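**Student:** no sequence for this one, just the structure:
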């Protein structure tokens, strides 16, 4: 018989932090947990792999915020840090025919064939950024890999796809990082969202005046065709989604993969020996240290029982990707071990870190391409690369949505000596 959780809700720390120890504790109590969101809003998180797989494709779970009870009842204050996730017009908050319409407008740019055509440009941009990473290194060979490599690579690729001028990129990254943060105050959240929407409107206006061979121009043409193709609000919301999701997730993926390999030199050795490929590193990183920890939101349209726990209709539910990736029920008793030689399995079994069902990550092929090229070229160019700090001293991301660290100082050419492998503290 299904029961509601009798445990007090777990308060998600708005300032974030490494999620894995907390995930393990929560998972030991069940696949679904009651959580307290910022502002005392009651929610739920789906943590178990199989429960999450079922939830992500459940026909009576919606994405549209009209199903969000607390929002509908006026209990969400302006400036709530997660409000953009719930209300931005676009495919991540649409269901059914609306979702298919919006997704169809951009899906052609992200097919495996179209993405593979981008490979030469991704390689070229990667090499340019590796030059910049080396130039940014201090006298002792230390540079922030996240700032100088892991961030500008996906931001550069998605900006070129969208036809966004390079002068906007740092500003867009700064604003998008605030949008996905959960530890900022209402005034700052409102200001960041307002500025980001203004920047995107400026970009769209420039493209409308001077269209090009890019995705933004194609979206504007769809808007201007009239009918129900695309509204102005959906245009801006789609640009926001493509820019934020198009670089934040891949930024975290590359950062987490480099951190994992530097902390597990034996696994790096297996790749160099040919026992595993760089694509295997990407998949194991997606599972072991998912770039998104808790993704907002989905809402049951009626009371729903999942893994023996009742989730009331209208509850905001988080997809617990980082927890599902280390669920022993799906990945075995060594689920918390980073192992690039794990047997290949279908995505839905291997991990859920890029989603599942109708809302599966549209940019998954591009993220995989960028990360695979980045890792192979990085460790070829700097074979002795190591972390410049122990992992326990790295500062986690601000918030519980994205899962990574704020900076990743690496030593490109570490001192050589017997048994020297640099600092490591695998988490």
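**Tutor:** Noted; the coordinates are in hand. Computed from a predicted model, the values in this text were never measured in an experiment.
**Student:** and stretch 136-153, how far apart are its ends?
**Tutor:** 15 Å (Cα to Cα, to the nearest Å).
**Student:** and it, how far from the chain's centre?
**Tutor:** 21 Å (Cα atoms, centre = their mean, to the nearest Å).
**Student:** who touches that stretch?
**Tutor:** 122, 125-126, 129-130, 132-134, 169, 173, 247, 250-251, 254-255, 258, 370, 374, 378, 388, 404-414 (Cβ atoms under 8 Å, 6 or more residues apart in numbering). Yep, even glycine has a C-beta here, placed from its N, CA and C like the rest.
**Student:** Same question for stretch 115-124.
**Tutor:** In contact with stretch 115-124 (Cβ under 8 Å, 6+ apart) are residues 153, 157, 160, 365-366, 369-370, 373, 377.
**Student:** again with stretch 22-38
**Tutor:** Contacts of stretch 22-38 (Cβ under 8 Å, 6+ apart): 5, 7-12, 14, 42-48, 50-52, 80-82, 182, 306-309, 311, 316, 318, 320, 322-323, 326-329, 336.
**Student:** Report whether residue 175 is found in a helix, as I expect.
**Tutor:** Yes. Assessed by DSSP: H, G, I helix; E, B strand; the rest coil, residue 175 belongs to a helix.
**Student:** rewinding a little: make JSON lines from the contacts of stretch 115-124 and add neighbour count, distance to residue 95 and pLDDT to it.
**Tutor:** Output for those, formatted as JSON lines (neighbours: other Cβ atoms under 10 Å; distance: Cβ to Cβ, whole Å; pLDDT from 0 to 100):
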{"residue": "153", "neighbour count": "26", "distance to residue 95": "33", "pLDDT": "96"}
{"residue": "157", "neighbour count": "24", "distance to residue 95": "29", "pLDDT": "94"}
{"residue": "160", "neighbour count": "16", "distance to residue 95": "31", "pLDDT": "92"}
{"residue": "365", "neighbour count": "18", "distance to residue 95": "24", "pLDDT": "94"}
{"residue": "366", "neighbour count": "24", "distance to residue 95": "25", "pLDDT": "94"}
{"residue": "369", "neighbour count": "22", "distance to residue 95": "29", "pLDDT": "96"}
{"residue": "370", "neighbour count": "30", "distance to residue 95": "29", "pLDDT": "97"}
{"residue": "373", "neighbour count": "20", "distance to residue 95": "35", "pLDDT": "98"}
{"residue": "377", "neighbour count": "19", "distance to residue 95": "40", "pLDDT": "98"}
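**Student:** Return the member of these nearest to residue 217.
**Tutor:** Using Cβ to Cβ, residue 160 is the member of the contacts of stretch 115-124 that lies nearest residue 217, at 12.9 Å.
**Student:** Now the closest one: which helix or strand?
**Tutor:** Residue 160 belongs to helix 152-162 when assigned by DSSP states H and E.
**Student:** any idea how far that helix is from the chain center?
**Tutor:** Relative to the centre of its chain, helix 152-162 is centred 15 Å away, using Cα atoms, centre = their mean.
**Student:** for stretch 180-188, same thing?
**Tutor:** Chain-centre distance of stretch 180-188: 18 Å, with Cα atoms, centre = their mean.
**Student:** Please apply the same query to stretch 397-410.
**Tutor:** So, by Cα atoms, centre = their mean, the centroid of stretch 397-410 is 11 Å from its chain's centroid.
**Student:** Looking at it now, give me its mean pLDDT.
**Tutor:** What stretch 397-410 shows for mean pLDDT is 93.
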